[in-house]
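A structural model of the following input is requested.
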Amino acid sequence: MAHAAYAVTYAIDTEQSITDFEVPHVIGFSSGIVKFKDGKIDFDEKASALQSLDLTLDSASITTYNEDRDAAMQSEQFLNTAAFPTISVRSKKVDAKKLSADVTVRSTTKLVSFEYVVGGTGKDENGKELLAVFLYGKFNKKDFGIEYNVMDESGKPMLGDEIHVLLKLVGKK
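Residues are numbered from 1 along each chain as shown. Down below sits the predicted model:
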């Protein structure tokens, strides 16, 4: 890992950052987005390397572009957003292209592995320095106490247990 002396903190730009997710099921997948509430990225500019990140997602912002499905995702059967309004992602270990993070959903914390790519740095129209980072990971919904499923006529579950996530982060310095 790069030397921390060169780490610079970027605040998550909640307008430009988003989390995409997919849940496979029998006839395809369901997808949607979750917005960020806040967060930060520590980035070693000299080595162009990610040092750490600490992110908070707004679980009530989940949208699948289907009102009934959104209500189900916010319900006690899934995210229970009334009781657990946020999801957190806090890095534990960062290597060249992999990151392990404590992910907390519904007050359950599990270590999740992500692959990441630094998209680059630059300046916006106001001269503010920006950083783009993309993280891809997957986890089992049952690890976070989400047991809900729908059964087909033969009694087989229709929803997959594996959730794929892509965190698209833009940080501002």
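
so which strand or helix has the spatially closest residue to residue 100 that is not a sequence neighbour?
Computed as Cβ to Cβ, 6 or more residues apart in numbering, the closest residue to residue 100 that is not its neighbour in sequence is residue 93, at 4.4 Å. Any C-beta I mention is one placed from the backbone N, CA and C, and that applies to glycine too. Assigned by DSSP states H and E, residue 93 belongs to strand 86-94.

list the neighbouring strands of that strand plus their orientation.
strand 49-63 (antiparallel), strand 98-105 (antiparallel) (DSSP bridges).

how about the ones you listed, which one is nearest residue 172?
Among those, the nearest to residue 172 by Cβ to Cβ is strand 49-63 (14.1 Å).

show me what the helix or strand just after the closest one packs onto, helices and strands only.
For strand 49-63, the succeeding helix or strand toward the C-terminus, using DSSP H and E, is helix 67-74. Using 3 or more Cβ pairs under 8 Å, 6 or more residues apart in numbering; DSSP states H and E as the contact criterion, the elements in contact with helix 67-74 are strand 28-44, strand 49-63.

point out the most buried one among these.
Looking across the helices and strands packed on helix 67-74 with neighbours counted as mean count of other Cβ atoms under 10 Å, the highest average goes to strand 49-63: a mean of 20.

just the mean pLDDT for that one, thanks.
Across strand 49-63, the average pLDDT comes to 96.

make 59 the starting number, not 1.
In the new count, where the first residue is 59, that last one comes out as strand 107-121.

now the angle from that strand to helix 125-132?
Strand 107-121 runs at 120 degrees relative to helix 125-132, counting by axes from the mean of the first three to the mean of the last three Cα atoms, to 10 degrees.

strand 107-121 to strand 86-102, inter-axis angle?
Following the same axes, to 10 degrees, one obtains 140 degrees for the angle between strand 107-121 and strand 86-102.

roughly how far out does strand 107-121 sit from the chain middle?
Here the centre of mass of C-alpha atoms in strand 107-121, compared against the chain's by Cα atoms, centre = their mean, to the nearest Å, lies 5 Å away.
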